[in-house]
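Q: Got a predicted structure plus its sequence, pasted below:
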Amino acid sequence: MGDAVTRGRSDDARTTAADWSGEVNSGSSDADRGEEVAAATGADGFRSELVAGVRAIDVAVLCAVPAALVATFALPIELRRSLAFDYTDPTLSTAFTAHYVHLRATHLAGNLVGYGLLAGVGYALAVIGDRRRLFVTALATFLLAFPVALSALNLAVPRNAVGFGFSGINMALLGLLPLLLWTYACERFAPDASVRALPAVFFLLVGWISLLALPVSTTGVGLAGLATAGAGISIGVVYVMSTDGGRRLPTRERLRAVTSRPGDGDLFVAGVVLLVGYPVVGFPADPTGTGGVVNLYVHLLGFCLGFIGAFILLAGDVVDE
């Protein structure tokens, strides 16, 4: 439910690939050539493993979501408005349908791109990290149960407005992402990593979100934003330093383990960049826009519930692979 519309308002990257087939590099050593061959083999092995782990039913479910969003957008505008969630006249049906409704093409496009990145990278991490069932279970919960839950929690903030949009579900996928990154890292780089470090990541991300969404100054409301951000980051740092996982390997060795694995390292870096970068879009400093206001509250709810729910499943071994 990415937008809350208040009543009364109008609605190259270039690929630099060198062709070495006709060149002779007399200065390269056998070791260098061996590393190049190993890197190419590793990348091919990663792609083969990813393709082998993908299931047709999963792809169908993943593709059904954008198809449903586009199909809903094709409905007449008045019908779409009737499917949005009215905070002054809430119904169970609109509590669900509102999260699949968009009134503007730009809003729909942004949520489709976000879903493609979060679901695509998340699914790849789950397949390689041997947590496919966790991802599928979480995704089904986000799509079927979260719409009603998020809409109900929205009623805690009384207002004369309507809400709609898929971004609350996207934020739940963002909350799932750090857990998938952790399971992937355990599978590929750090098999002895402890699940106890994951809450630290949550607090760090909450601090980062606070810096993005709340005004930061030394007076008034800005002081609350600064305090929230500082508290989240401080708790995260203290928590991770209190666990053995944060001190087990030097940072340089961790980075070398990631960069030395073609394919594996690329996917991990892509996941980290998405985890840090997507909140910039989901929690803008100025939430007002043309015809509506970004619902930062439901975005935060989606992120927190997505992380906490998936963490309970992971830490309790509720979902077996």
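A: Structure received.

Q: Am I right that Gly163 falls within a helix?
A: No - read with DSSP: H, G, I helix; E, B strand; the rest coil, Gly163 is strand and lies in no helix.

Q: correct me, but it touches Thr88?
A: No - in this structure Gly163 lies outside contact range of Thr88 using C-beta atoms under 8 Å: 11.4 Å. Glycine gets a C-beta too; all of them are placed from N, C-alpha and C.

Q: of those two, who's got more company?
A: The neighbour count for Gly163 versus Thr88, taken as other C-beta atoms under 10 Å, is higher for Gly163 (29 against 10).

Q: is that one in a bridge, and if so with what?
A: Gly163 has these beta-bridge partners by DSSP bridges: Ala4, Phe85.

Q: so how far is the strand or helix carrying Ala310 off the chain centroid?
A: Taking DSSP states H and E as the definition, one finds Ala310 inside helix 296-315. Distance of helix 296-315 from the chain centroid (C-alpha atoms, centre = their mean, to the nearest Å) equals 11 Å.

Q: for the stretch 51-200 of the chain, what spans make up the helices?
A: According to DSSP state H, counting those that start in this stretch, the stretch 51-200 of the chain carries its helices in the segments 56-73, 77-83, 92-97, 105-128, 132-144, 146-154, 167-188, 198-213.

Q: buried set for the helix holding Ala310?
A: By neighbour count on 16 or more other C-beta atoms under 10 Å, the buried set for helix 296-315 is 296-307, 309-311, 313-314.

Q: what's the answer for stretch 59-71, then?
A: Under 16+ other C-beta under 10 Å, the buried positions of stretch 59-71 are 61-62, 65-66, 69.

Q: Among these, give me the pair with the biggest separation.
A: Farthest apart among the buried residues of stretch 59-71 by C-beta to C-beta are Val61 and Leu69. That separation is 13.8 Å.

Q: Now for the residue nearest the centre of the chain: which residues touch it?
A: Against the mean C-alpha coordinate of the chain, by C-alpha atoms, centre = their mean, the closest residue is Leu174 at 2.2 Å. Shown in contact with Leu174 (C-beta atoms under 8 Å, 6 or more residues apart in numbering): 118, 275, 278-279, 282, 302-303, 306.

Q: mind running it again at 6 Å?
A: The neighbours of Leu174, taking C-beta atoms under 6 Å, 6 or more residues apart in numbering as the test, are 118, 278, 303.

Q: what's the answer for Tyr87, then?
A: Neighbouring residues of Tyr87 by C-beta under 6 Å, 6+ apart: 159, 161.

Q: for it, phi and psi?
A: When read as degrees, to the nearest 10, the backbone of Tyr87 gives phi -70, psi -20.

Q: With Asp130 instead?
A: Backbone torsions for Asp130, taken as degrees, to the nearest 10, come to phi 60, psi 40.

Q: tell me the pLDDT at it?
A: If you check Asp130, the pLDDT there is 90.

Q: hang on, isn't Ser167 packed against Leu112?
A: No - the criterion here is C-beta atoms under 6 Å, and Ser167 misses it with Leu112 at 10.8 Å.

Q: Could you name every residue contacting both of the two?
A: Common neighbours of Ser167 and Leu112, using C-beta under 6 Å, 6+ apart, do not exist here.

Q: more neighbours, those two?
A: It is Ser167, of Ser167 and Leu112, that has more neighbours when counted by other C-beta under 10 Å, with 26 against 18.

Q: what's the spacing between the more buried one and Ala315?
A: Distance, Ser167 to Ala315, using C-beta to C-beta, to the nearest Å: 27 Å.

Q: any weak-confidence spans in the protein?
A: 1-43, 215-226, 228-229, 232, 236-263, 289-291, 319-321 (pLDDT under 70).

Q: Done for today, thanks.
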